[in-house]
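> Sequence and predicted structure, then a few things I'm wondering about:
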Amino acid sequence: MKRPLVAIFLLLFLCVQVSAQEQFYIRHKVRWMETLYSIARKYKVEAKEIAILNNLTTGTVERGQILLIPDKDRIQANTDTTELDIPLPEEEIISDQTPARLSCADYRPSPSHRHNISLLLPLSGTRNSSSFLEFYQGVLIAAQEMKQMGMNADIQCFDWNAQSPDELLSGERLAMSELIIGPVYSPQIGNTLAYFRDTEIKIVSPLDVTSEAWVSSSPHLFQVQPTQTSQQEAIIKKLDPHNASVWLISEEGDQEVAPEMRALLDEQHIPYRNFIYDVLRGREVTGELRRLLAPNRKNQIIIASQNEAFVSDALRNLHLLFAYDNIPIELFGMSKWRSFETLDLAALHQLKVVIPLPVYVDYSRDNVKRFVRTFRALFHTEPSHYAFQGYDVAFYFMNALFRYGPDFEDCIDSLDVPLLQSEYSFRKNEPDGGYSNTEARLIRYLPDYTVTLLP
């Protein structure tokens, strides 16, 4: 009788032990596109707790894998009401304390870790396929430089047009990414964000400024192209209201540019005067401006318009006052002016007009010269701005990933990387939103008919 009694006692003991474990843990079957971090976030526990509990040696989980997840609510409820007399083995005791994340300055990259980076580009079926191929070529040069710096990375490029978006975005290879660069166009960015909204994958919108619409609701989105507002803010930083008279010249009825510029000036508490007129008024505007502008003090003037006819007329009037009346003028314009064909080139240069641009290549810089030489040697052609953009985007975000790890957004303010045609400074405007680039490049036309990049 003793043996059956002992067996029954052991069986009851094991049942109690198993029941206690099941009380504390939830069984989770890993699904497509899930990562260790997204699962941890779903159950509101630390990823390290799951890794220790399931003896994971890496941060990788496989589709179909069964994981035990600590059930925080039941653990807390049990701790508050009862104490188990059954001691758990030491290796099963999991500490609630996890080491604090290292500061940005103290983070050290792991030389053995391989980063997974994916590109989503329309490489076929479009007139601009060759341009996006150049973008990819720029990425490859950046990747080679990062390899020389000690970064281990697997880069995979997917043709957006080669299969349906569902087939592409649901693929296991893409789900392994830490960073996705692309897609190119805003609607495609929206599709991608929807697929990966429950993951920790960072998604970079590299080219389409209208993708800014997704930033406020997408915490892992980085919008590279600066908006019109950011470009106007770059102009405002150059204003000196203490030593100059600030003027805003705009077209009567304009609702596109001038209202936003006025709002920014008001927000910065910069005093300014408005001059609004209809282009049909013609040459009488010259005399009116002559009476209004300060003859012995610098006049910083912003022409807040993207109407080519109006800009041409305003530029002509101001050039006359500068050339014949010696009225000191510093003139600021809009980025769209670079595409205008009827502006007086002499007026632009003699007035030393300053214009904000999302991108601009200064071919006198050493890093630009080096890139051009490398691109010519590898691809036997001249790089376009798509190639420069591909390099800039990849070099910046690969540096972020290498220096600070997958959670690099916490350290993005500390990242200072020399780029070819861009300036990046990312700002988070909404608590649950993503990051927008707020930096634009400023160029100045010079009297010797050259253009210089302002610091």
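Done, it's in. Since the structure is predicted, the reported quantities are computational estimates derived from the model, not experimental observations.
> So residue 168 versus residue 430, what's the distance?
28 Å (CB to CB, to the nearest Å). (Glycine included, C-beta is placed from N, CA and C.)
> Just want to know which of these two has more residues nearby.
residue 168 (20 against 12; other CB atoms under 10 Å).
> Name the helix or strand for that one, please.
Per DSSP states H and E, residue 168 falls inside helix 165-169.
> For residue 334, give me phi and psi.
phi -110, psi 160 (degrees, to the nearest 10).
> and it, what is it in contact with?
231, 257, 303-306, 311, 355-356 (CB atoms under 8 Å, 6 or more residues apart in numbering).
> tell me the pLDDT at it?
With respect to pLDDT, residue 334 has a value of 97.
> which sections of the stretch 1-150 of the chain are below the confidence cut-off?
Applying pLDDT under 70 to the stretch 1-150 of the chain flags the ranges 1-24, 32-33, 72-102.
> Which stretches in it count as helices?
2-24, 36-43, 47-53, 72-81, 129-148 (DSSP state H, counting those that start in this stretch).
> ok now the helix holding residue 168, how far from the chain's centre?
Relative to the mean C-alpha coordinate of its chain, helix 165-169 is positioned 23 Å out (CA atoms, centre = their mean, to the nearest Å).
> Can you report the mean pLDDT over the residues of that helix?
When pLDDT is averaged over helix 165-169, the result is 94.
> Use 50 as the first number for this chain going forward.
Sure thing, new numbering starts at 50, so read that last one as helix 214-218.
> Can you tell me which helices and strands it packs against?
Contact here means 3 or more CB pairs under 8 Å, 6 or more residues apart in numbering; DSSP states H and E; on that basis helix 214-218 packs against helix 235-244.
> Show me the domain layout of the chain.
Domain segmentation of the chain under automatic domain parsing yields 65-141, 164-275+413-492, 279-406.
> start to end distance for the longest one?
Criterion CA to CA, to the nearest Å; first-to-last residue distance in domain 164-275+413-492 is 37 Å.
> Quick one: buried ones out of the contacts of residue 383?
In the contacts of residue 383, burial by neighbour count holds for 280, 306, 352-355, 360, 404-405, counting by 16 or more other CB atoms under 10 Å.
> about what we covered before: give me whichever of the domains of the chain is most buried.
Greatest average neighbour count among the domains of the chain goes to domain 164-275+413-492 (a mean of 18), per mean count of other CB atoms under 10 Å.
> Now residue 248: closest residue in space that isn't a chain neighbour?
residue 87 (4.7 Å; CB to CB, 6 or more residues apart in numbering).
> Pretty sure that neighbour sits against residue 249.
Yes - contact criterion CB atoms under 8 Å: residue 87 and residue 249 qualify, at 6.3 Å.
> any idea where the strands of the stretch 350-499 of the chain begin and end?
Assigned by DSSP state E, counting those that start in this stretch, the stretch 350-499 of the chain shows strands spanning 378-381, 403-406, 475-476, 484-486, 490-494.
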